[in-house]
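J.: Got a sequence here, can you build the structure:
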Amino acid sequence: MDLRTPVLRRSFRKPFPVAVRGEGVYVWDTEGKRYLDFAGSAAVNFIGHGVPEISAAMAAQAAKLEFVHTSQFTTPVAEAYAQELLDFAGENFRGGAVYFTCGGSETVETALKLARQYQVEIGQSKRSQVLSRTQSYHGSTLGALSVSGNKKRREMYLPMVREWAHIGIPYCYRCQYDCSDGCRNCGQEYAAELDRALAANDEAAAFICEPVSGATLGAVIPPPGYLQSTAEVCRRHGVLLIADEVMTGMGRTGRNFAVEHWDVAPDILVTAKGLSSGYAPLGAVLASKKVVDAIAEGSGAFLHGFTYNAHPVSLAAGQAVLKHLQEHKLVAAADSARKDSPAGKLKAALETLCELEVVGDVRGIGLLWGVEFVADKSSKRPFPPEKTFSARVGQAAAKRGVMVYPMQGSVDGIAGDHLLLAPPAVLTSEQITWAVGELRAAILEAMK
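T.: A predicted model of the protein is given here:
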């Protein structure tokens, strides 16, 4: 069935409801149907839909100054908001700087180029490669795809991208190593893979990773000690550590940024999605003082730019979102270690899904969760890809008014079904109970 419209949509065969209004955790379509946004669209909305202060801040900025180009001007909102973000990111970014973009892929592109220029500035001009992990996802532009391990999103464009080394990624539900010690051993084994890869490559400029896996693996938490060891490996080899917090940043995991859970200090941190909570296109690259100093005291100019980077109206949205989530203590609301928080209650409710025979694993942290489906629990055998099991669950859930984020390929890039769940932090106990109940019913329907 060909469902063409003037919009080049993501699919010509899938009908899309037409969204017209949002409030809190809900979105309404033109038919008046209400959907609970259980995925935060795509782990984007953190503060809830329809917060009036955000649109008011955007309108006020647009009324004063809608746009200037960053080659000619800076703006008060850019200077103030950059400092607020550095403060939010903590001591590691004291004396650093922020480069604003229009979204996640642009932030990763910027970080890759920033890492390369840093190496050139310090006299390491042969360092141009950025290593990453299999089963990762860092964006849809060609540079971001080059460091992504998501097989389906890469395969068509492989002739167009640079190919650098991808190392293994910790995935304890299907671990390649011994996890009998609470996964500490496997974390060190995966860190050792990076050590060997860097020892064999004197052209590496940086290593990029998601502190908690996003859509490709579905909220996989790193084993104890893994991120700390990875950071130490990077330091020892003179390679920058880039933390991709496009999905996990701005409170999503119950900390300002996910790296704080493991006390890791990246050289560069990229974030988007929750940065503006979807109210405007916005991303940011946070560079540590070491990186900024190398350029400021070297060539004196970062050779990179987008027309709309540091767009004043988008920055006004981001600044208002940051103020809102701090005033309403939404980072604490996303702390799943607190049983009385929305995140803690969501964790407890989702874990009941493990009772279902097709749910192999429920994993996550804060307000970022994955539910993995299997055809057989004992062997962890995935469903055949052609069954599109997660998509069927997603369709059944949407029919019930619950929007989730279905994904395939978690096992090997082709097989493996899971859902990503990332609701806004304003979710109530009653909404959690209802949504998880409807999701359970959707899974049972897909099993039939």
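J.: so which helix or strand takes in Lys152?
T.: Take DSSP states H and E as the rule and Lys152 turns out to sit in helix 151-154.
J.: quick one, what contacts Lys273?
T.: Lys273 makes contact with Ala42, Ala43, Val44, Phe46, Gly104, Val246, Met247, Gly249, Met250, Arg252, according to CB atoms under 8 Å, 6 or more residues apart in numbering. All C-beta spots, glycine's among them, are computed from the backbone N, C-alpha and C.
J.: Next one: it from Gly24, what distance?
T.: Noted for Lys273: a distance of 18 Å to Gly24, by CB to CB, to the nearest Å.
J.: Next: Arg34.
T.: For Arg34, the distance to Gly24 - CB to CB - is 11 Å.
J.: hmm, back to that, so what touches the helix holding Lys152?
T.: Applying CB under 8 Å, 6+ apart, the set of residues contacting helix 151-154 is Tyr137, Ser140, Leu145, Ser148, Val161, Gln408, Gly409, Asp412, Gly413, Ile414.
J.: and the first one, what helix or strand is that in?
T.: Here Tyr137, judged by DSSP H and E, is contained in no helix and no strand.
J.: Tell me, how many residues neighbour it?
T.: As a burial measure, Tyr137 scores 26 neighbours (other CB atoms under 10 Å).
J.: now do the fifth one
T.: For Val161, the tally of surrounding residues (other CB under 10 Å) stands at 16.
J.: Hmm, Leu142 and it touching each other?
T.: Yes. Counting by CB atoms under 8 Å, Val161 touches Leu142, with 5.3 Å between them.
J.: And the helices in the stretch 51-200 of the chain, which stretches?
T.: With helices called from DSSP state H, counting those that start in this stretch, the stretch 51-200 of the chain shows them at 52-64, 76-89, 104-121, 142-146, 151-154, 184-199.
J.: Where among those helices is average confidence lowest?
T.: If you rank those by mean pLDDT, helix 151-154 sits at the bottom with a mean of 80.
J.: I'd like the helices of the stretch 51-200 of the chain as TSV, with distance to Gln395 and mean neighbour count appended.
T.: As requested, the helices of the stretch 51-200 of the chain are exported to TSV (distance: least, CB to CB, whole Å; neighbours: other CB atoms under 10 Å):
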stretch	distance to Gln395	mean neighbour count
helix 52-64	31	15
helix 76-89	38	18
helix 104-121	26	25
helix 142-146	28	21
helix 151-154	19	16
helix 184-199	35	19
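J.: Mind checking which of the contacts of helix 151-154 are buried?
T.: Among the contacts of helix 151-154, those classed as buried by 16 or more other CB atoms under 10 Å are Tyr137, Leu145, Ser148, Val161, Gln408, Gly409, Gly413.
J.: so the fifth one bridges to which residues?
T.: So that's Gln408. Asp417 (DSSP bridges).
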